[in-house]
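Colleague: sequence and predicted structure, then a few things I'm wondering about:
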Amino acid sequence: MARLITDVARRFERAGLCYGHGTDNAEDEAASLVFHAAGLAHEDAPQAYGRRVPRRARERLETLVSRRIDERIPAPYLTGRIWFAGHEIRVDRRVLVPRSPLAEFIQARAAPFLKRPQEVRRILDLGTGSGCIAIAAALAWRRATVDATDVSQDALDLATENVRRHRLARRITPRRADVYAGLGRARYDLILANPPYVPAAVVAKLPAEYRHEPAGGLAAGRDGLNVVRRILAGAAEHLCTDGLLACEVGDSERALQRAYPKVPFLWLEFENGGGGVFLLDAATVRRHRAQFANAVVRPAARKTRVR
Ligand SMILES: C[S@@+](CC[C@H](N)C(=O)[O-])C[C@H]1O[C@@H](n2cnc3c(N)ncnc32)[C@H](O)[C@@H]1O
């Protein structure tokens, strides 16, 4: 099996694939497909490497490898699953492939940033996609309920399936909402958001792999901040007194700091890599409320033609 993984990895390197959907190199990507084709789990790894791979599994693997190379389909869409914060999440092209560094923040139960972590009762996962953040959060804060929201009904359908698979339907509610519209006056101890944040011009130049993902999961206007601005503008109305907002903006970090030069965003560092995630506590959000409200781009007023 080890030899097979190396051979597949070489083919991936020759084909010049782009990684970033769960792995960051050819060897790990190859291993994920070989394990899947052979019907093996991660835990089987130590014993599995010396084994022979049966012919049927090799045939399955060849189909997966060809599709990965010829169609540039991200590996998790081929295997149908990925691990997020240690939890298995089903994925398909209705949702972005989970890869947010927020996984690490959630696994650490937001330490040391929450004043009373044991008192977290209500969590919002804004832009839930597959439901990965909502599920990880519900399993990290076992006494909390989670609203898992998205504008995409397709995403919510898959999130609902994932929530059921993890037997969390009593604590996670998938809800259709456009940022906060649809949530009424609900307030949360913790708002977790991995919204779309890629500038339109950058999306247009992304490697072919990203074109398999739903565009609504990536693109967010000219500077990538269209959705983030709205998250900031409504945060004061939806955070509890001691609440916390954690939001990923990726490479749009600099654009965000330029847009709000007076706001003391706290940028997280991660042991497992990744970045571009800021924290704001509710008091800071309230202090800068007016600035956040003014920054929202409102749709141009419709002109009425005078006959
Ligand atoms: C970057 S993906 C993140 C998905 C998932 N949370 C994750 O980390 O893998 C962003 C998600 O936000 C959703 N979204 C886009 N615009 C939105 C909006 N205005 N309100 C709520 N969700 C939105 C997209 O449909 C997509 O599922």
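Modeller: Received the coordinates, thanks.
Colleague: for residue 191, which residues are in contact?
Modeller: 123, 124, 126, 231, 235, 238, 239, 243, 244, 245, 246, 247 (Cβ atoms under 8 Å, 6 or more residues apart in numbering). Yep, even glycine has a C-beta here, placed from its N, CA and C like the rest.
Colleague: give me the subset of those that also touch the ligand.
Modeller: Among the contacts of residue 191, the residues lying close to the ligand (Cβ under 6 Å from any ligand atom) are residue 126.
Colleague: narrow the contacts of residue 191 to those in helices?
Modeller: Residues of these located in helices (DSSP state H): 231, 235, 238.
Colleague: now the first one: closest residue in space, sequence neighbours ignored.
Modeller: Here the nearest residue to residue 231 in space, its sequence neighbours aside, is residue 193; by Cβ to Cβ, 6 or more residues apart in numbering that works out to 5.6 Å.
Colleague: how about the backbone phi and psi for that neighbour?
Modeller: phi -140, psi 130 (degrees, to the nearest 10).
Colleague: go ahead and confirm it touches residue 126.
Modeller: Yes - counting by Cβ atoms under 8 Å, residue 126 is a contact partner of residue 193 at 4.1 Å.
Colleague: which one's more surrounded, these two?
Modeller: A count of neighbours by other Cβ atoms under 10 Å puts residue 126 above the other of residue 193 and residue 126, at 28 against 25.
Colleague: would you mind listing what in the stretch 101-250 of the chain touches the ligand?
Modeller: Close to the ligand, as judged by Cβ under 6 Å from any ligand atom, the stretch 101-250 of the chain has residues 126-130, 132-133, 149-152, 155, 177-179, 194-196, 216-217, 227.
Colleague: among the residues you listed, name the buried ones.
Modeller: Neighbour counting by 16 or more other Cβ atoms under 10 Å classes 126-130, 132-133, 149-152, 155, 177, 179, 194-196, 216-217, 227 among these as buried.
Colleague: beyond the longest helix anywhere in the chain, next helix or strand please.
Modeller: If you go by DSSP H, the chain has its longest helix at helix 55-70. Following helix 55-70 in sequence order, the next helix or strand is helix 75-79 (DSSP states H and E).
Colleague: model confidence over whichever helix or strand comes after that next one, on average?
Modeller: Moving toward the C-terminus from helix 75-79, the next helix or strand (DSSP H and E) is strand 81-84. Taken as a whole, strand 81-84 has an average pLDDT of 96.
Colleague: list the neighbouring strands of strand 81-84 plus their orientation.
Modeller: strand 87-90 (antiparallel) (DSSP bridges).
Colleague: and the helices in the protein?
Modeller: 2-15, 26-38, 45-48, 55-70, 75-79, 102-107, 132-140, 153-165, 200-204, 226-238, 253-259, 282-287, 289-294.
Colleague: single out the most deeply packed of these.
Modeller: When you average the neighbours per residue for each of the helices of the chain (mean count of other Cβ atoms under 10 Å), helix 132-140 leads with a mean of 26.
Colleague: for that one, name the packing helices and strands.
Modeller: When contacts are defined as 3 or more Cβ pairs under 8 Å, 6 or more residues apart in numbering; DSSP states H and E, helix 132-140 sits against strand 81-84, strand 87-90, helix 102-107, strand 122-126, strand 145-150, helix 153-165, strand 172-176, strand 188-193.
Colleague: for that helix, output the C-alpha coordinates as PDB.
Modeller: C-alpha atoms of helix 132-140 as PDB (Å, rounded to 0.1, in the frame of the first residue of the first chain):
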ATOM      1  CA  CYS A 132     -19.200  21.300  10.500                       C
ATOM      2  CA  ILE A 133     -18.700  24.300  12.800                       C
ATOM      3  CA  ALA A 134     -22.200  23.900  14.400                       C
ATOM      4  CA  ILE A 135     -21.400  20.200  15.100                       C
ATOM      5  CA  ALA A 136     -18.000  20.800  16.500                       C
ATOM      6  CA  ALA A 137     -19.300  23.600  18.700                       C
ATOM      7  CA  ALA A 138     -22.200  21.500  20.000                       C
ATOM      8  CA  LEU A 139     -19.800  18.700  20.900                       C
ATOM      9  CA  ALA A 140     -17.400  21.200  22.500                       C
END
